[in-house]
Every structure is written in structure tokens, then in C-alpha cells.
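Asker: sequence plus the predicted model coming up.
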Amino acid sequence: MAQACDICGKKPVMGNQVAKRGKPKYLGGVGTKITGITRRKFRPNLQRVRVTTADGTPKRLRVCTQCIRSGAVAKLMRTSPFKLPPLDPSEKAALEALMAKEEKKRKKKKS
């Protein structure tokens, strides 16, 4: 499996790991010296994310965190948001009466 972002194509790049020793001049030392240079790989921060495709089917992609944060990927919502069941007219009237009673109590405490 390639270590590349499925959205932007970001992939590992080669660079140098620089080892230094010594005290910096701005801290009163004689300066830092480079003691070694080693080749290394800078890897992107890839996450496996379930997303919805254009036709609505779920799919698992390897996406970099920059694409997730920028909103380039719409995450799959597994469940629908919670909704209260509809109330009967009698239950609705009782609930409104209870709310009015609580509101009166709150106003009485404030004054």
C-alpha cells in the first residue's frame, strides 16, 4: 500500500537529519557545530477515514490530516442525529403547562 494521500497525493519526501552539538552563541557559547548529517524520510500524517462518495456509498481512504482539517473530505455519518419522537396534543399541552410553571418558579427566585 502506497504511503500517499488519496486526495492531494502528498507522499514521503527525503531530507536530512542534522545532528548538532555545542552551546548557541546567543546563549553565550561558541556556537553549535554540525556533527553528522543522515538521510531520513519525512512521512505525511495519514489517517484511514470512512468517507461518502458522490453516489452515497461508504469508502475507506488514506487521507492526510491537512485534507481532513481543510474540509476536502466529508466524513461518513454512521447514525442519524438524535430526534425526539412527536408528541400527542395532550402531552404537548401538559408539557407546556409544566414549562410555564417552572418559568414562574425561576422568576420568583430572581425577584
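Answerer: Okay, I see it. Only a predicted model underlies this, so the values are computations on that prediction, with no experimental measurement involved. Numbers count the residues shown, from 1 in each chain.

Asker: going forward, measure contacts between C-alpha atoms and count neighbours the same way
Answerer: OK.

Asker: what phi and what psi does the backbone show at the residue nearest the centre of the chain?
Answerer: In the chain, the centroid-proximal residue (Cα atoms, centre = their mean) is residue 69; its distance is 6.1 Å. For residue 69, the backbone dihedrals (degrees, to the nearest 10) come out as phi -70, psi -30.

Asker: how long is stretch 67-75 end to end?
Answerer: With Cα to Cα, to the nearest Å as the measure, the first residue of stretch 67-75 is 11 Å from its last.

Asker: could I get the buried residue list for it?
Answerer: Of the residues in stretch 67-75, 67-68, 73, 75 count as buried by neighbour count, 16 or more other Cα atoms under 10 Å.

Asker: which outside residues touch that stretch?
Answerer: The contact list for stretch 67-75 (Cα atoms under 8 Å, 6 or more residues apart in numbering) reads 7-8, 49-52.

Asker: swap in stretch 11-26?
Answerer: Stretch 11-26 has contacts (Cα under 8 Å, 6+ apart) with 3-5, 29-44.

Asker: which of those residues count as buried?
Answerer: The buried subset of these - by 16+ other Cα under 10 Å - is 3-5, 44.

Asker: let me have those in JSON lines, extended by secondary structure, pLDDT and distance to residue 100.
Answerer: Below are the buried ones among the contacts of stretch 11-26 laid out as JSON lines (DSSP: H, G, I helix; E, B strand; the rest coil; pLDDT from 0 to 100; distance: Cα to Cα, whole Å):
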{"residue": "3", "secondary structure": "coil", "pLDDT": "91", "distance to residue 100": "60"}
{"residue": "4", "secondary structure": "coil", "pLDDT": "95", "distance to residue 100": "59"}
{"residue": "5", "secondary structure": "coil", "pLDDT": "95", "distance to residue 100": "55"}
{"residue": "44", "secondary structure": "coil", "pLDDT": "96", "distance to residue 100": "57"}
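
Asker: possible to save the residues you listed as CSV with distance to residue 21?
Answerer: Below are these laid out as CSV (distance: Cα to Cα, whole Å):
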residue, distance to residue 21
3, 33
4, 35
5, 36
44, 28
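
Asker: shouldn't residue 63 be within a helix?
Answerer: No: counting by DSSP: H, G, I helix; E, B strand; the rest coil, residue 63 falls outside a helix, being strand.
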